[in-house]
Each structure stands twice: as C-alpha cells, then as structure tokens.
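*Asks:* Turn this into a structure:
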Amino acid sequence: MSAIDSLCAGLDMTAFAERLRLLREARNLNQVRLAELLGVDPRAYNRWEKGASAPHLETVIKIADVLQVTIDELVGRKAVSDEVKIRNHTLHSLWQKADSLPDTDQQALIVILDSFVKKAMVEQVMGLNNIKR
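*Replies:* Residues are numbered from 1 along each chain as shown. Sure thing, here's the model as predicted:
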C-alpha cells in the first residue's frame, strides 16, 4: 500500500475535494493560481477538487503548506484552525505587537505587507525569485 493509499484509507474523497475547494476559496485563490503555486497542471488540480483523483503524498504535503493548514486539517481529520500560523519568530512577535497599534498604523502595515506579497508573486510568476540579490 502506497503512502497516499494509507493516508486516504477511509477518506471520503468527495469530502476531501470539497474541503480543498473551500480552503482554496478562503484564500482567494482560483484553481489555476493554486495549481501554479503547487507546480502542477491545472487539469490535475481540477480532478482533485472534483474528487476524480487523489494527489500524491508529496503534493498533499505541499498543498497543506501552501494553504497553511496541517495535513490533518486538509484531509478533514481535524477542524481547520482560525489561528494565523507565522513560522518566523521575529515576524510573529512583531505581528502580535502590531495588533495593539492604532487602526491607522495597522492599515499602513497592511498596505506595506500587501505590496511586498504582490511583488513576490510577480517575481515568482516571472521567474525572478531565483535571482540572487
């Protein structure tokens, strides 16, 4: 039995497909964009979301990483947490401190962060993220 077969044993593929769709939509991603982030063909991703096929274990791990959920949350063994997961400890600490800033300062931070994220996405699409600075 392969690792994905073991993971998916007893898993309702229709429920997995629905959870995958809901998580994608909650992150304001379309199928094509998520497929790009995962490095897979959009048609393959579409089949997963329809429940017609299952991704390989390595891809399940990547999906969980991109959607910022655990594998248990992705496959429905655990409810999806509303908690924001920030792995960088310095960024996490700053984020907690920023929560106490006035609304206008928080809005300014949101604009700045949003611009950095958009810049990174453009660089990724254009293949510029591999260029050393």
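
*Asks:* Can you tell me, leaving aside adjacent residues, what's nearest to residue 51?
*Replies:* Leaving aside its chain neighbours, residue 51 sits nearest to residue 17 (3.7 Å; criterion: C-beta to C-beta, 6 or more residues apart in numbering). C-beta coordinates here come from the backbone N, C-alpha and C atoms, glycine included.

*Asks:* ok, residues contacting the helix or strand encompassing that neighbour?
*Replies:* Assigned by DSSP states H and E, residue 17 belongs to helix 13-26. Contacting residues not belonging to helix 13-26 are listed as 8, 30-31, 34, 48-51, 54, 63, 67, 69, 74-76, 80 [C-beta atoms under 8 Å, 6 or more residues apart in numbering].

*Asks:* Helices along the protein, start to end?
*Replies:* Under the criterion DSSP state H, the chain carries helices at the ranges 3-8, 13-26, 31-38, 42-50, 57-67, 71-75, 89-98, 103-126.

*Asks:* Would you mind putting those helices into TSV with mean pLDDT and mean neighbour count alongside?
*Replies:* Shown next, in TSV, are the helices of the chain (pLDDT from 0 to 100; neighbours: other C-beta atoms under 10 Å):
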stretch	mean pLDDT	mean neighbour count
helix 3-8	54	14
helix 13-26	89	16
helix 31-38	93	17
helix 42-50	95	16
helix 57-67	90	17
helix 71-75	84	17
helix 89-98	82	11
helix 103-126	87	11
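
*Asks:* and this protein, what are its domains?
*Replies:* The chain breaks down into these domains under automatic domain parsing: 3-75, 89-130.

*Asks:* Dihedrals phi and psi, residue 69?
*Replies:* The phi/psi pair for residue 69 (degrees, to the nearest 10) reads phi -130, psi 170.

*Asks:* Give me the residue at the spatial middle of the chain.
*Replies:* Taking C-alpha atoms, centre = their mean, the centroid of the chain lies closest to residue 67, which sits 1.6 Å from it.
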